[in-house]
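1. okay, sequence plus prediction incoming.
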Protein chains: 2
Amino acid sequence: MSASTKLSSSVKAICFLAESYPTAKTSKEIAENTGINASKLRKLLSLLCKSKIVVSNQGTKGGFQLLKSPKDINLQEIYCSIEDRKAFHLDVSDIIGKDEYDYLGYFNNLFSSIQVDIENKMTKISIQSIMNYLKMKSNF
Amino acid sequence: MSASTKLSSSVKAICFLAESYPTAKTSKEIAENTGINASKLRKLLSLLCKSKIVVSNQGTKGGFQLLKSPKDINLQEIYCSIEDRKAFHLDVSDIIGKDEYDYLGYFNNLFSSIQVDIENKMTKISIQSIMNYLKMKSNF
DNA sequence: TTAATTGTTATAGTAAGTGTAACATTTTTT
DNA sequence: AAAAAATGTTACACTTACTATAACAATTAA
């Protein structure tokens, strides 16, 4: 029950953009500063464009920039932009087998309730709060 | 961020054992009644043996039986028995790259807090309550 | 028109999960 | 002691998902 590294890569990229908000940065610049492959970054950022978290400009002098203030971007919307799956998900679709019991319904109820908890937690965490935490930690 | 079918298979097997608690059943009998492969069942049930949820007896007249009442078995202990990973887990170990910020620590704090929530939810769900739910549903 | 940039597709490699079979081990029964 | 029946464990093939990267198409500004 593991998740991708897409979330942490996205957060790193967005935090980098947030440091010079609202200035635009190219995928190459972001790559050099985060260590994340530029092609991978473009794929992630294009997803974040579709949900209006960042905006992209093609061509010379193009790049990516945040469309919202760091305090108005939360983890949940980032997660939803880059992942099609729910954050907590079990493959139970095959358990509606030969028996008469509705295991599938039972587990789905449980999992969607867990999902709500996770989304609530993620919604409360903004990019700004992540940056504050990281800066505070780096002062030691 | 998906989980295995191991949990639902285990629950099905345990529910079947619970229906005739505390009588022992062979992996073949469980397989015939649940549609789950007998070899897979033995692997799962041997893990559940190690955490004292079921007990196994080899040899003729052997089989598996519940070691505890269905009301005293909860989802959380089943999950922990069969999965080595935490229920909610992100691969963020590679994000401690070239920068000075402690992203890893930040995400770990978040994820362990989510983990606590999930474990609390699972702990509250007993095999007995699952069976009650399923029986109630099958009356329609 | 050229250069620089994003957007998209393709591909190869790795890791994880799944289902099943085969065989070793243990135990009871005769 | 031998045979039968069961669990315990290992191995393997198959599929699926994830990851990283490259290559090229599309777009834009100078």
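-> Cool, the structure landed.
2. what about residue A:22, neighbour count?
-> 13 (other Cβ atoms under 10 Å in any protein chain shown). For every residue, glycine as well, the C-beta is placed using N, CA and C.
3. now it: closest residue in space, sequence neighbours ignored.
-> residue A:65 (5.4 Å; Cβ to Cβ, 6 or more residues apart in numbering or on different chains).
4. then residue A:49?
-> residue A:56 (5.2 Å).
5. element containing that neighbour?
-> In this assignment (DSSP states H and E), residue A:56 forms part of strand A:54-57.
6. that strand - contacts with which helices or strands?
-> helix A:38-50, strand A:63-66 (3 or more Cβ pairs under 8 Å, 6 or more residues apart in numbering or on different chains; DSSP states H and E).
7. would you say residue A:84 is within a strand?
-> No: using DSSP: H, G, I helix; E, B strand; the rest coil, the secondary structure at residue A:84 is coil, not a strand.
8. okay, now it: neighbour count?
-> Neighbour number of residue A:84 under other Cβ under 10 Å is 5.
9. DNA strand D versus that one, what's the distance?
-> 8 Å (Cβ to the nearest atom of the strand, to the nearest Å).
10. which residue ranges of chain A form strands?
-> Taking DSSP state E, the strands of chain A run over residues A:2-3, A:54-57, A:63-66, A:89-90.
11. the residue nearest to residue A:78 when sequence neighbours are not counted - how many residues pack around it?
-> Once flanking residues are discounted, residue A:78 sits nearest to residue A:10: 5.4 Å by Cβ to Cβ, 6+ apart. Using other Cβ under 10 Å, residue A:10 has 25 neighbouring residues.
12. could you do residue A:66 as well?
-> 22.
13. and for residue A:7?
-> The burial count for residue A:7: 24, using other Cβ under 10 Å.
14. which residue, other than its chain neighbours, is closest to it?
-> For residue A:7, ignoring the flanking residues on the chain, the nearest one in space by Cβ to Cβ, 6+ apart is residue A:79 at 5.8 Å.
15. measure that neighbour to residue A:32 for me?
-> 26 Å (Cβ to Cβ, to the nearest Å).
16. those two: which has the busier surroundings?
-> Per other Cβ under 10 Å, whichever of residue A:79 and residue A:32 has more neighbours is residue A:79, with 22 against 14.
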